[in-house]
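In: Below is the structure, and that's it, no one-letter string:
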């Protein structure tokens, strides 16, 4: 019995992934739960375990190829089995179910979705949908057949349509009745609202921005990659910020009516978006950790944040926060300070741009940094020096050693 | 003015008897005892025993007498000690009261109110605890009212007494002591066929009557703690039935739970679920759920009575089920 392994969905935003490294060769035995391949998305790098046991009959995607979510990437079966037959059977019976294989709101588990060939239901072509879901889909110009169902027996229900973002959806011919909808405020939303308002109301928030030439950081990441150490640019930023904070203790402090308290330790919070809202897990003693260590911790924290598996300890005790919206093409933005910290660094998208260098126009990867700081504690000039120091470290990462 | 549900019923009957001398009351022990639940207490002192008349224990007899009096131009209020005993007078109610006006081509009218209490709450056992309003919905010619609050009791009863057609008026024994604001206006009426939205919501529509309006509101409060916004609708009269308010609500929420103390099988909730499915099917995101009393005679034991009837937790669970939140 053969099974087709498809590109797993590692987050609601993920539409495609890149397999960076197959860990098993064609013809080799693979067991369920053993690492099968490494992949990268726009957000993270991750190792994916196999959920099928057998012989890896065929790898369908080469390394570094961009693969859409739910596309077949490999076939597992008995030694000598004809993978094309399995694939043909699987495509025929699972094609409509391919999207249904992406759970709409399951936590992103680090497992590949497997489409079992032999268990395809006879009426695999039929999609159940509630009347309301059908009406709702029609109003929005969405074909409900394309939407994964979360109701009983996989039935498409209203919330599936509301959550669906179908590319190229038609503009409805007749505008649906437009009204207003009251959404109960969740506890998490209430806490975020209170903290954001409190931060803006009580701190003297000011903002500095500058642009960093990331050429050296790109080179550094490549060197580490060659040494089989995977780090993200955000990890490099966190490492540089951690070092700069040890040199600017006022940026690593809190203030009350009587004292400004500086911290000997540097705990960096990293802002992570979840479906429910923003969470800021903390990398402790980031100034004492190497870049690969930070990378490992940040990956683990990001994964567990999205799976809602953080402990409360991991969400508290930060001394400074880094927020990155580069993956959403944001060039630069102003972040709100996460009280009681004294500052927050907003990281924009890295992009190749023409720049003038020694009177010549050259192409360089540039990235904007935006520092929001509490002017009650830190004045404009020292804050500027701090931000410039981060730029210097990113442009000369050798200084980290 | 704050009144109990029983006082609201009592005061409206007194006010209507003062306003219209054709209005009179008859029933078992309504005179000096004032009715088993006190709804006619001391009325005989003001109106005399001609207008507040005791009857023998013979429902078929005195309901028939009420129909005759109504035919002859009076406006009788016939009190049944328990609405379970309507069954003793079923021929009078279903074949005479309901059909006389039709049979005589509109030349006879039957301005008759048959009222009394029903339901659970006192461990009155199988023949004294039933909820029987559904039976009277099925036969054309009767109006059916079921108040859930003191104000609704006052407004609906006054409308019933002033109606020229027979009205079956179902009070609930467990609501008699409930207090609430009742308008003092002696012309305060609530039109029949106008449902009341007891709580507004957006996620699920819960339709309930009598005792279960309160239970549905309790369930809605629990649901709101879980981020679910429930709309609670009391149809108030089953005939005429305000389906428009219910279907408009379901168009908004897409989900329907109907809960009543009447038996679930072939209860009035089934009628509402069916009409909603016929009328606004494209708006439904889940099959409607009906909750009602189990298909067994109501037990004497109060613990078993609870086991046989829908509880607040059952309403919460049903609402979450139609929302696929279980």
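Out: The structure has been received and is ready for your questions. Keep in mind the model is a prediction, meaning the values are calculated, not measured. Numbers count the residues shown, from 1 in each chain, chains lettered A, B, ... in the order given.
In: which residues in the stretch 1-150 of chain A form helices?
Out: In the stretch 1-150 of chain A, the helices defined using DSSP state H, counting those that start in this stretch lie at A:83-94, A:97-100, A:131-140.
In: Over to chain B?
Out: B:5-19, B:43-51, B:59-71, B:90, B:100-103, B:133-137, B:150-162, B:211-225, B:243-253, B:268-280, B:302-308, B:312-322 (DSSP state H).
In: what do you get for the stretch 251-400 of chain A?
Out: Using DSSP H, counting those that start in this stretch, helices in the stretch 251-400 of chain A cover A:291-306, A:380-395.
In: which stretch among these comes nearest residue A:67?
Out: helix A:291-306 (20.2 Å; CB to CB). For the C-beta atoms, the positions are set from N, CA and C on the backbone; glycine is no exception.
In: which parts of the closest one are buried?
Out: A:291-299, A:301-306 (16 or more other CB atoms under 10 Å in any protein chain shown).
In: Get me the contact residues on chain B for chain A.
Out: Residues of chain B lying near chain A by CB under 8 Å from any CB of the partner chain: B:202, B:224, B:227-229, B:254, B:281-286, B:324.
In: is it possible to export these to a markdown table including distance to residue B:128 and neighbour count?
Out: Listed next are the residues of chain B next to chain A as a markdown table, based on distance: CB to CB, whole Å; neighbours: other CB atoms under 10 Å in any protein chain shown:
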| residue | distance to residue B:128 | neighbour count |
| --- | --- | --- |
| B:202 | 40 | 19 |
| B:224 | 36 | 15 |
| B:227 | 41 | 13 |
| B:228 | 37 | 21 |
| B:229 | 38 | 18 |
| B:254 | 40 | 27 |
| B:281 | 40 | 12 |
| B:282 | 44 | 15 |
| B:283 | 41 | 22 |
| B:284 | 38 | 23 |
| B:285 | 41 | 27 |
| B:286 | 37 | 22 |
| B:324 | 40 | 18 |
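In: so which of those residues comes closest to residue A:23?
Out: residue B:324 (38.4 Å).
In: Identify the residues contacting the residue in the stretch 51-200 of chain A that chain B sits nearest to.
Out: Across the stretch 51-200 of chain A, no residue is closer to chain B than residue A:132, which sits at 3.8 Å (CB to the nearest CB). By CB atoms under 8 Å, 6 or more residues apart in numbering or on different chains, the residues touching residue A:132 are A:157, A:158, B:254, B:282, B:283, B:284, B:285.
In: Leaving out the residues flanking it, which one is nearest to it?
Out: residue B:285 (3.8 Å; CB to CB, 6 or more residues apart in numbering or on different chains).
In: Could you tell me the phi and psi values at residue B:177?
Out: The phi/psi pair for residue B:177 (degrees, to the nearest 10) reads phi -90, psi -10.
In: what about the residue nearest to it when sequence neighbours are not counted, neighbour count?
Out: Nearest non-adjacent residue to residue B:177, counting by CB to CB, 6+ apart: residue B:4, 5.6 Å away. Residues lying near residue B:4 (other CB atoms under 10 Å in any protein chain shown) number 18.
In: and residue B:4, what is it in contact with?
Out: Per CB under 8 Å, 6+ apart, neighbours of residue B:4: B:150, B:176, B:177, B:178, B:179.
In: And for stretch B:266-281, what's in contact with it?
Out: Looking at stretch B:266-281 with CB under 8 Å, 6+ apart, the contacting residues turn out to be A:131, B:133-134, B:137, B:207, B:209, B:235, B:238, B:241, B:243, B:246-247, B:250-251, B:256, B:258-260, B:262, B:264, B:284, B:288, B:290-292.
In: tell me which residues in that stretch are buried?
Out: B:267, B:268, B:269, B:270, B:271, B:272, B:273, B:276, B:280.
In: Which pLDDT value does the model give the fifth one?
Out: Model confidence at residue B:271, expressed as pLDDT, equals 98.
In: Among the buried residues of helix A:291-306, which one lies nearest to residue B:110?
Out: residue A:306 (69.3 Å).
In: Do I have it right that the closest one meets residue A:276?
Out: No. Judged on CB atoms under 8 Å, residue A:306 makes no contact with residue A:276 at a distance of 10.2 Å.
In: circling back: the contacts of residue A:132: which two are farthest apart?
Out: A:157 and B:282 (13.8 Å).
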